[in-house]
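1. Need coordinates for the below:
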Amino acid sequence: MTILVTGATGTVGRLVVEELLAAGQHVRALTRNPAKAALPEGVEVVAGDFARPETLTDAFEGVTAAHLINFAGDDYAPLPDGAAIVELAVKAGVRRVTVLGGREDGPLEQALAAADLEWTLLHPVEFMSNTLRWWAQTVKTEGVIKEPFGDRLSALVHERDIAAVAATVLVEGGHGGRTYVLTGPEAITLRQKVEILGTSIGSHVEYVELTVDEARAKWAADGMGEQTIEFLVQALGNTPEVGYTVVPTVREITGRDARSFAQWASENADAFRV
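-> Okay, the predicted model is just below:
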């Protein structure tokens with residue numbers, strides 16, 4: 001059984017590769033630049049661009065299951081031709097797929113629903129790993145987090161748990177036609193998140209709550225575009241219920257509890273220390 005992992009050098013993709021290797025699977029990893037992939041020994045690394053289906057024929061050859069992403073490139077642009085990707089997969093004999101961030105109305109997902117294969121959509125809520133991207137530098141240099149909406153709740157999920165669910169579904173099967181929301185084991189506020197992080201790194205991290213206008217100005221100064229800023233204002237200020245409602249999906253599929261933010265913070269503490 002050969003399992004193809006697309007987005008294999010991304011935050012979740014790398015971990016899907018590791019989880020599949022640990023399960024004794026033969027893993028083929030798709031990347032635009034194999035020379036820079038730096039994936040574990042034993043992984044078959046192949047070149048291809050998910051935005052250009054004509055480059056994927058060899059990647060799908062002999063594959064029986066695949067972990068797919070529904071975007072292309074570092075800017076998360078929509079796939080230009082999801083139907084062509086599904087056609088390639090079916091022609092190659094792929095029988096089972098997972099889609100990270102899959103949405104029922106997307107062109108890739110609609111093509112999968114019309115195809116004769118077993119598909120599962122994975123909907124993670126807020127990634128714990130976003131904390132590293134957004135906070136590491138400012139915690140190191142200033143020891144402070146400046147953000148709006150301090151009481152906003154989030155059931156943020158560990159990226160390793162996302163990968164574990166994907167790997168289990170791909171290896172074991174039996175989840176066809178399902179859409180799974182993935183969360184951590186608890187919903188915490190932004191203030192609690194800052195406190196937990198400080199405890200994990202052994203240093204007090206101050207939280208300064210910004211007004212919405214102050215946040216807009218800060219994000220603009222950080223180089224964000226107006227559209228991104230307004231998206232954040234809406235997403236953070238009006239988090240939908242699904243974003244803070246804990247569900248047991250990780251345990252139900254993998255057989256173990258989802259990892260907490262305290263666990264994530266402990267694992268990544270060095271990235272926040274000077």
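2. Quick one: mean pLDDT for stretch 172-191?
-> Averaged across stretch 172-191, pLDDT comes to 97.
3. how long is that stretch end to end?
-> Distance between the two ends of stretch 172-191: 39 Å, counting by CA to CA, to the nearest Å.
4. same thing with stretch 88-99?
-> Note: stretch 88-99 ends 16 Å apart using CA to CA.
5. now swap in stretch 175-195 and tell me
-> End-to-end distance of stretch 175-195 (CA to CA): 38 Å.
6. what are the ranges of the strands in the stretch 101-250 of the chain?
-> For the stretch 101-250 of the chain, the strands defined by DSSP state E, counting those that start in this stretch cover 118-124, 144-147, 153-154, 178-182, 188-189, 206-209.
7. Could you pull out the helices in the chain for me?
-> Listed in chain order, the helices of the chain (DSSP state H) span 11-22, 57-60, 82-92, 107-114, 130-142, 159-172, 190-201, 212-221, 226-237, 249-254, 261-267.
8. ok now the first one, how far from the chain's centre?
-> By that I understand helix 11-22. Relative to the chain's own centre, helix 11-22 is displaced by 12 Å; criterion: CA atoms, centre = their mean, to the nearest Å.
9. hmm, back to that, closest one to Ala265 among the strands of the stretch 101-250 of the chain?
-> strand 188-189 (11.1 Å; CB to CB). For the C-beta atoms, the positions are set from N, CA and C on the backbone; glycine is no exception.
10. So in that sheet, which strands flank the closest one, and in what orientation?
-> Applying DSSP bridges, strand 188-189 is found paired with strand 153-154 (antiparallel).
11. what's the partner strand in contact with?
-> Val125, Glu126, Ala187, Ile188, Thr189, Leu190, Lys193, Thr239, Gly243, Tyr244 (CB atoms under 8 Å, 6 or more residues apart in numbering).
12. so who does the fifth one touch?
-> With contacts defined as CB under 8 Å, 6+ apart, Thr189 is in contact with Gly150, Asp151, Arg152, Leu153, Ser154.
13. ok, now how distant is the last one from Gly143?
-> Read it as Ser154. Ser154 sits 22 Å away from Gly143, going by CB to CB, to the nearest Å.
14. So for these two, which residue has more residues nearby?
-> Neighbours per residue (other CB atoms under 10 Å) separate Ser154 from Gly143, with Ser154 holding more: 23 against 15.
15. So for the more buried one, what's the pLDDT?
-> pLDDT, Ser154: 97.
16. Would you check how far apart it and Gly184 are?
-> Counting by CB to CB, the gap from Ser154 to Gly184 is 9 Å.
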